[in-house]
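S.K.: no sequence on this one, just coordinates:
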């Protein structure tokens, strides 16, 4: 069996209407690529990722046998397509290619961005109704985390939890105190990357203090010695290539440490991640793929949670099939790019702050310290709205000031 062709499709996918406004302001429309790999035996394997590999990478797969790519460390997207083909050829679900399955149902979480407390509450209601029991978001100093948490707590069903991602700091907050205060809310679930990446000792100490799990995503030693040192309760591998995730899963199992995968994409990515989570012994924490944010996809099937768990597909390969018509539609679809906009904030004392946001630089929304303008806090008494270009002289005047000053803070 040989790979004879790899189709590469670039698609543009819209978000569900109820969450589109905040996601588009952060990121603009979502773009990703879908790989369709063909063999000389007539099989078709599916993969996807956020970026298109150079032709030199694609050429490595052409003419090869899919089984040459067991433990693939070259491309997550193309490796997924190879595993889909291997499973179909062997007549087994992908998880069996990793070894003995450890679970038939896998925990999965949902995702949003930091926004107004009312919108955060809406996200909890929507996702809880869909069967999720976890919601993850990156804290942003443009919103007050306690206002957000209290709004979410009011609407959350019993057992629903929030996964707070601190994005490795960048504020003036005393993190141990903040973690302690957040832990008092029944909805609080865990804290990801609460300190700068290199502060292993700080994470160890914070883990001792915290009543809730500390999660490490950005691992300074590559998920090796910091795991043995006990730097976190849970570890996350983000967009790790298949072979790398497989090796790290062995270390996590030997150390008896829970871990999770975070591979963002659509149903193809969700299916592959589900199979991997099913096969790795200590992959017991909820994973993320963000597939729940998109209103359409290129597969006929959807993997939807029940009480926070996804059933592991049992058909050959990934267990999902390509919808050619929808693939063509999404490939032809051109959604408008989101223009830069003004972050308009007001503090409780009456001060106003204006900053310029660019969806192409979304990290600024959660780490505004990257511009070295001022140090902010997750606990400031602040409210924020999105000010899009509206053609008014007021808007133009603020844009011109931001171009000169970088940030505006005034009474």
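M.R.: Nice, thanks for sending it over. Here the structure is a predicted model, which is why all the values come from computation and not from measurement.
S.K.: So this protein: which segments form each domain?
M.R.: Per the record, the chain has its domains at 3-93, 105-318, 341-410, by automatic domain parsing.
S.K.: Please convert the ones you listed to TSV, extending it with mean pLDDT and distance to residue 324.
M.R.: C-beta coordinates here come from the backbone N, C-alpha and C atoms, glycine included. Formatted as TSV, those follow (pLDDT from 0 to 100; distance: least, CB to CB, whole Å):
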stretch	mean pLDDT	distance to residue 324
domain 3-93	97	9
domain 105-318	97	9
domain 341-410	96	30
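S.K.: got JSON lines for those domains, with distance to residue 328 and mean neighbour count too?
M.R.: Conversion of these to JSON lines gives the following (distance: least, CB to CB, whole Å; neighbours: other CB atoms under 10 Å):
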{"stretch": "domain 3-93", "distance to residue 328": "9", "mean neighbour count": "19"}
{"stretch": "domain 105-318", "distance to residue 328": "9", "mean neighbour count": "20"}
{"stretch": "domain 341-410", "distance to residue 328": "26", "mean neighbour count": "15"}
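S.K.: Against residue 401, how distant is the nearest residue to residue 350 once chain neighbours are set aside?
M.R.: Closest residue to residue 350 apart from its sequence neighbours, by CB to CB, 6 or more residues apart in numbering: residue 411 at 6.6 Å. As judged by CB to CB, to the nearest Å, residue 411 and residue 401 stand 15 Å apart.
S.K.: now residue 393
M.R.: 13 Å.
S.K.: Ok, residue 97 next?
M.R.: Going from residue 97 to residue 401 by CB to CB gives 58 Å.
S.K.: How about residue 115?
M.R.: Applying CB to CB to residue 115 and residue 401 gives a distance of 25 Å.
S.K.: What residues does residue 275 make contact with?
M.R.: Residue 275 makes contacts with 83, 93, 94, 95, 98, 312, 313, 318, as judged by CB atoms under 8 Å, 6 or more residues apart in numbering.
S.K.: Now, those that are in helices?
M.R.: Under the assignment DSSP state H, these contribute residue 83 to helices.
S.K.: phi, psi of residue 65?
M.R.: Backbone torsions for residue 65, taken as degrees, to the nearest 10, come to phi -90, psi 130.
S.K.: Quick check, residue 322 in contact with residue 48.
M.R.: No - in this structure, residue 322 is not within contact of residue 48 by CB atoms under 8 Å, at 10.9 Å.
S.K.: overlap in contacts of these two?
M.R.: With CB under 8 Å, 6+ apart, residue 322 and residue 48 have common neighbours residue 298.
S.K.: re the thing from before, where's the residue nearest to residue 350 relative to residue 352, distance?
M.R.: Counting by CB to CB, the gap from residue 411 to residue 352 is 8 Å.
S.K.: Do I have it right that residue 365 meets residue 139?
M.R.: No - counting by CB under 8 Å, residue 365 stays clear of residue 139, with 10.3 Å between them.
S.K.: shared neighbours, the two?
M.R.: Contacts common to residue 365 and residue 139, judged by CB under 8 Å, 6+ apart, are residue 114.
S.K.: Tell me which stretches of this structure form helices.
M.R.: 17-27, 55-61, 76-90, 117-130, 145-155, 175-182, 200-209, 225-228, 242-255, 267-279, 324-332, 393-405.
S.K.: got JSON lines for those helices, with distance to residue 286 too?
M.R.: As requested, those are exported to JSON lines (distance: least, CB to CB, whole Å):
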{"stretch": "helix 17-27", "distance to residue 286": "19"}
{"stretch": "helix 55-61", "distance to residue 286": "31"}
{"stretch": "helix 76-90", "distance to residue 286": "20"}
{"stretch": "helix 117-130", "distance to residue 286": "12"}
{"stretch": "helix 145-155", "distance to residue 286": "17"}
{"stretch": "helix 175-182", "distance to residue 286": "18"}
{"stretch": "helix 200-209", "distance to residue 286": "19"}
{"stretch": "helix 225-228", "distance to residue 286": "19"}
{"stretch": "helix 242-255", "distance to residue 286": "15"}
{"stretch": "helix 267-279", "distance to residue 286": "9"}
{"stretch": "helix 324-332", "distance to residue 286": "27"}
{"stretch": "helix 393-405", "distance to residue 286": "39"}
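S.K.: Relative to residue 348, tell me which of those wins on proximity.
M.R.: helix 145-155 (10.6 Å; CB to CB).
S.K.: Against residue 385, how distant is the residue in the chain sticking out farthest from the centre?
M.R.: Residue farthest from the centre of the chain, counting by CA atoms, centre = their mean, is residue 393 at 38.0 Å. In this view, residue 393 and residue 385 are 19 Å apart by CB to CB.
S.K.: Check residue 56 too.
M.R.: Counting by CB to CB - residue 56 and residue 385 are separated by 46 Å.
S.K.: Please apply the same query to residue 335.
M.R.: For residue 335, the distance to residue 385 equals 23 Å [CB to CB].
S.K.: swap in residue 122?
M.R.: Residue 122 is 15 Å from residue 385, by CB to CB.
S.K.: for residue 373, same thing?
M.R.: For residue 373, the distance to residue 385 - CB to CB - is 20 Å.
S.K.: likewise residue 337?
M.R.: From residue 337 across to residue 385, the span is 21 Å (CB to CB).
S.K.: Could you do residue 240 as well?
M.R.: Separation of residue 240 from residue 385 (CB to CB): 37 Å.
S.K.: so which of the domains of the chain gets nearest residue 331?
M.R.: Smallest distance to residue 331 across the domains of the chain (CB to CB): 5.1 Å, for domain 3-93.
S.K.: hang on, residue 206 packs against residue 195?
M.R.: Yes - counting by CB under 8 Å, residue 206 does reach residue 195; the two are 6.5 Å apart.
S.K.: joint contacts of those two?
M.R.: residue 175.
S.K.: chain center to stretch 185-203, what's the gap?
M.R.: 17 Å (CA atoms, centre = their mean, to the nearest Å).
S.K.: One more: stretch 364-384?
M.R.: Per CA atoms, centre = their mean, the displacement of stretch 364-384 from the mean C-alpha position of its chain is 21 Å.
S.K.: what's the first-to-last distance across it?
M.R.: End-to-end distance of stretch 364-384 (CA to CA, to the nearest Å): 15 Å.
S.K.: which residues touch that stretch?
M.R.: Looking at what lies outside stretch 364-384 - CB under 8 Å, 6+ apart - the contacts are 26, 113-114, 116, 138-147, 167, 170-173, 178, 343-349, 353, 355, 357-358, 363, 406-407, 409.
S.K.: Thank you, goodbye.
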